[in-house]
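[1] I would like to see how this sequence folds:
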Amino acid sequence: QVQLVESGGGLVQAGGSLRLSCAASGTIFRINVMGWYRQAPGKQRELVADITSGGSTNYADSVKGRFIISRDNDKNTVYLQMNSLKPEDTAVYYCNADGVRAGWPFEAFNYWGQGTQVTVSS
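    Model prediction:
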């Protein structure tokens, strides 16, 4: 099993910053991609940003230039630094990890965190 524990959400005024963290633990051989998704009320879950084990990043157009994703491979942890927050960034943010389980035979996995609420007031 693999567990993802998120932290760092909260309430912030427009223009402010928050930093989200997500730590993965369990029977992990390798995590290929870690990412952050978000889901606002009445909307579909969408990709915010993801990062490979080699450090390649991908961002939604709506957050480019404002959010920064990073990861610590030794700690199996991914971070999302969110700057210049806007009310439209309000959503539940979910961490996702895609990788390979430890043990034999190797098995792929894809897990989600429980979600953390981010609310940006105008």
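[2] What segments of this protein are helices?
    Taking DSSP state H, the chain contains no helices at all.
[3] Spatially central residue for it, please.
    Trp36 (2.6 Å; C-alpha atoms, centre = their mean).
[4] in the sheet, who's paired with that residue?
    Ala49, Cys95 (DSSP bridges).
[5] OK, contacts around it?
    20, 22, 47-50, 69, 78, 80, 93-96 (C-beta atoms under 8 Å, 6 or more residues apart in numbering). The C-beta positions use only the backbone N, C-alpha and C, and glycine is treated the same way.
[6] what about 10 Å?
    By C-beta atoms under 10 Å, 6 or more residues apart in numbering, the contact list for Trp36 reads 6, 20, 22, 47-51, 59-60, 63, 67, 69, 78-80, 82, 93-96, 113, 116.
[7] Could you do Asn58 as well?
    33, 35, 47-52, 69.
[8] what about the residue nearest to Gln13 when sequence neighbours are not counted, how many neighbours?
    What sits nearest to Gln13 in space, not counting adjacent residues and going by C-beta to C-beta, 6 or more residues apart in numbering, is Ser121, at 5.4 Å. Other residues near Ser121 number 11, with proximity taken as other C-beta atoms under 10 Å.
[9] need the contact list for Gly15.
    Counted by C-beta under 10 Å, 6+ apart, Gly15 has contacts 83-86, 120, 122.
[10] try it again with 8 Å
    Residues in contact with Gly15 (C-beta under 8 Å, 6+ apart) are 84-85.
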